[in-house]
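Visitor: need a 3D model of the following:
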Amino acid sequence: MNHQSVRDVMSNAVVTVQAGTPFKEIAHLLLEYDITAVPVVDAANRPVGVVSEADLLQKMWGRQESETGESGTGGTGGDGPGADSPGPGPVARPAKTWATDAAGLMTSPAVSAREDWSVVDAARVMARHGVKRLLVVDEAERLIGVVSRSDLLRIFVRSDQAIRTEIVEEVLVRTLGEAPSALQVDVTHGQVVLSGRLSSGASVEALEELCRSVDGVVAVEFRPVREAGADVTGVDASRADAPEAHAPRAVDEPEHD
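Guide: The predicted structure follows:
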């Protein structure tokens, strides 16, 4: 199946800063635009790092811990691995604690993506690097957008009708060669129920896997339909109403003298 691409869900309007942007200006930008991080770009608009609100907040508590020699044992802050770790407290980074501009505050290098990546590829890279967003770059590595976790979640608010249409047209007809009416396809809140009988020779497992690959699908269940005349007990249903099927067999009574 053709998944939506990063191009379909990314944000094109990106607020950026440069290495020399002061601490307070970055804080103003995060609040003004209601964002949690800004990319740091060079003169050619190529990303060199990211400054997140977590990086800025180290100024609040990190200096005190650096002076007292204390340190936490939880996540690392910033936008890298461990950024969302709940532990007792984040680990202070002295360089960031005393930084006054983006160059000192940023997490570098930035993790980037291409606009033709699928949303599945983007989600996989986010998980692998433990980041909340990817900077989208073109062939020349220039910044053209940002894709966040919330952007990727948009595929799960896709309408049930759009999901059903893709399953019928792309999975059943185009991929498996089935008639559109071969299976009954019901979709409710992203949960797909397939009812009927496959005639193409495809396995149920293959059908379910193809349906799961459709954007917006949450779960898939296949409910086969019994062959006409078959009975789950193993008795031929076409003979179920025959008299001999139910009447007890006659037993010869003994003769009396």
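Visitor: what mean pLDDT does stretch 8-27 get?
Guide: Rounded to a whole number, the mean pLDDT of stretch 8-27 is 96.
Visitor: list the buried residues of it.
Guide: Neighbour-count burial for stretch 8-27 flags 9-10, 14, 16-17, 19, 21, 23, 26 (criterion: 16 or more other C-beta atoms under 10 Å). For every residue, glycine as well, the C-beta is placed using N, CA and C.
Visitor: how about CSV for these, with distance to residue 194 and secondary structure added?
Guide: Formatted as CSV, those follow (distance: C-beta to C-beta, whole Å; DSSP: H, G, I helix; E, B strand; the rest coil):
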residue, distance to residue 194, secondary structure
9, 27, helix
10, 33, coil
14, 42, coil
16, 47, coil
17, 50, strand
19, 55, coil
21, 54, coil
23, 56, helix
26, 51, helix
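Visitor: centre of the chain to stretch 175-195, how far?
Guide: 22 Å (C-alpha atoms, centre = their mean, to the nearest Å).
Visitor: do the same with stretch 112-122
Guide: That offset, for stretch 112-122, works out to 12 Å (C-alpha atoms, centre = their mean).
Visitor: start to end distance for it?
Guide: 9 Å (C-alpha to C-alpha, to the nearest Å).
Visitor: buried residues in that stretch?
Guide: Buried, per 16+ other C-beta under 10 Å, within stretch 112-122: 112-115, 117-119, 121-122.
Visitor: if we take the residues you listed, which one ends up nearest to residue 149?
Guide: residue 122 (9.6 Å; C-beta to C-beta).
Visitor: isn't the closest one up against residue 6?
Guide: Yes - the pair residue 122 / residue 6 is scored as a contact, 5.3 Å apart, by C-beta atoms under 8 Å.
Visitor: between those two, which contacts overlap?
Guide: Common neighbours of residue 122 and residue 6, counting by C-beta atoms under 8 Å, 6 or more residues apart in numbering, are 113, 134, 147.
Visitor: give me the residues contacting the one helix or strand the first one maps to.
Guide: It stands for residue 113. Per DSSP states H and E, residue 113 falls inside strand 112-114. Under the criterion C-beta under 8 Å, 6+ apart, residues 6, 47, 121-122, 125, 134-138, 141, 147 lie in contact with strand 112-114.
Visitor: taking the residues you listed one by one, which sit in strands?
Guide: 47, 134-137, 147 (DSSP state E).
Visitor: can you put the residues you listed in a markdown table and add pLDDT, neighbour count and distance to residue 172?
Guide: As requested, the ones in strands among the contacts of strand 112-114 are exported to a markdown table (pLDDT from 0 to 100; neighbours: other C-beta atoms under 10 Å; distance: C-beta to C-beta, whole Å):
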| residue | pLDDT | neighbour count | distance to residue 172 |
| --- | --- | --- | --- |
| 47 | 97 | 24 | 43 |
| 134 | 97 | 28 | 34 |
| 135 | 98 | 28 | 38 |
| 136 | 98 | 24 | 34 |
| 137 | 98 | 19 | 38 |
| 147 | 97 | 26 | 31 |
